[in-house]
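Asks: After the sequence you'll find the predicted model.
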Amino acid sequence: MQRRLIINADDFGWDSDATQAILTLAEKQKITSTTIIANTVRAKDLYPLKSFTKISTGIHINLVLGYPLSSPEKVPSLIAENGQFFSADQLLKRFLLGRVKQSELEFEIVNQVEFLRRHHLKISHADSHKHIHQYPLLGAAIIRILKQQGIMKIRNCNMLDYNNKKMFVVKGFNSFSRLFSTYYSSPEILIGAFSNHREASLPIFGKAIEEAFFKNSTIEFMTHPGIENREGSYLNRLAEYQFWMNENWEKMLKANNIKLINYNEL
């Protein structure tokens, strides 16, 4: 069976450093996919992205960072007193306690989807900031809204590497929401090795790829490149960017008969 790999760069539009890194990697054909944060991206940065026809462009659903696209009075149950989204932990707790209105959740997600569509971007798939689409119950609600919007390809947060607390929790959440994604197209497993190790190198990449393909044929490698690191973030964005640009990882894939694809090819 053909082994297939999607390389998805998360966080397009989070800041100019992430955006520039992803645009450069797309131009150099070093990634095959990216997901866009609709409520933080600058509209002018979407135009060059549309010229890269060999990558898929998805939506990075965000309900936990910054300000909503919707007017505050339309989504009061999603935002704190400062007008910004609650943190991921706060959002989940509020949702489980019935303090998040489903109508407001839908209103904001639809606004994010429609923002990208108004800029003539074909939304190939969806994932989310902090993997909230895989949270218990909340994830099911998000996935139902995506289905209503015709988005039928969704990141599967079945994590390969979960030897730290954060990745273990994500994998655990995935087991709650797997039932609700039965009818969606997804890679079989997600590699977050660079986020997990907070470093990017050929040995880390090679080991993760080997382990992932041992029992799977289609996998997604999640990356967060940036031309600079972001203050306050644990991600080593610069190291990830430099890895994709400089390391000879493509030769390794070719030697192992691994085909690069994007989400449109699922």
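Replies: Alright, I've got the coordinates. Everything numeric here is computed off the predicted structure, so don't read it as measured data.
Asks: show me the residues around Phe107 that make contact.
Replies: Phe107 makes contacts with Ser70, Lys74, Val75, as judged by Cβ atoms under 8 Å, 6 or more residues apart in numbering. (Each C-beta comes from the backbone N, C-alpha and C, glycine too.)
Asks: hmm, which of those are the buried ones?
Replies: Buried members of the contacts of Phe107, scored by 16 or more other Cβ atoms under 10 Å, are Ser70, Val75.
Asks: Which of the contacts of Phe107 fall in helices?
Replies: If you go by DSSP state H, these have nothing in helices.
Asks: hey, where'd the strands end up in the stretch 51-200 of the chain?
Replies: For the stretch 51-200 of the chain, strands defined by DSSP state E, counting those that start in this stretch occupy the ranges 56-61, 126-128, 189-191.
Asks: Which parts of the chain are helices?
Replies: Ranges of helices within the chain are 16-27, 43-49, 88-96, 102-118, 138-148, 165-177, 193-197, 202-212, 237-246, 249-255, based on DSSP H.
Asks: Can I get these in a markdown table including mean pLDDT and distance to Thr34?
Replies: Output for those, formatted as a markdown table (pLDDT from 0 to 100; distance: least, Cβ to Cβ, whole Å):
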| stretch | mean pLDDT | distance to Thr34 |
| --- | --- | --- |
| helix 16-27 | 98 | 5 |
| helix 43-49 | 96 | 7 |
| helix 88-96 | 98 | 21 |
| helix 102-118 | 99 | 12 |
| helix 138-148 | 95 | 17 |
| helix 165-177 | 47 | 20 |
| helix 193-197 | 92 | 15 |
| helix 202-212 | 96 | 18 |
| helix 237-246 | 97 | 12 |
| helix 249-255 | 97 | 18 |
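Asks: quick one, which of those helices is nearest to Leu266?
Replies: Of all the helices of the chain, helix 138-148 sits nearest to Leu266, with 15.0 Å by Cβ to Cβ.
Asks: wait, doesn't His60 sit right on His131?
Replies: No: contact criterion Cβ atoms under 8 Å: His60 and His131 do not qualify, at 10.6 Å.
Asks: Next one: the closest residue to Tyr241 other than its chain neighbours from Asp10, what distance?
Replies: Nearest non-adjacent residue to Tyr241, counting by Cβ to Cβ, 6 or more residues apart in numbering: Pro225, 3.8 Å away. Computed as Cβ to Cβ, to the nearest Å, the Pro225 to Asp10 distance reads 9 Å.
Asks: Ends of stretch 193-201, what's the gap?
Replies: End-to-end span of stretch 193-201 (Cα to Cα, to the nearest Å): 10 Å.
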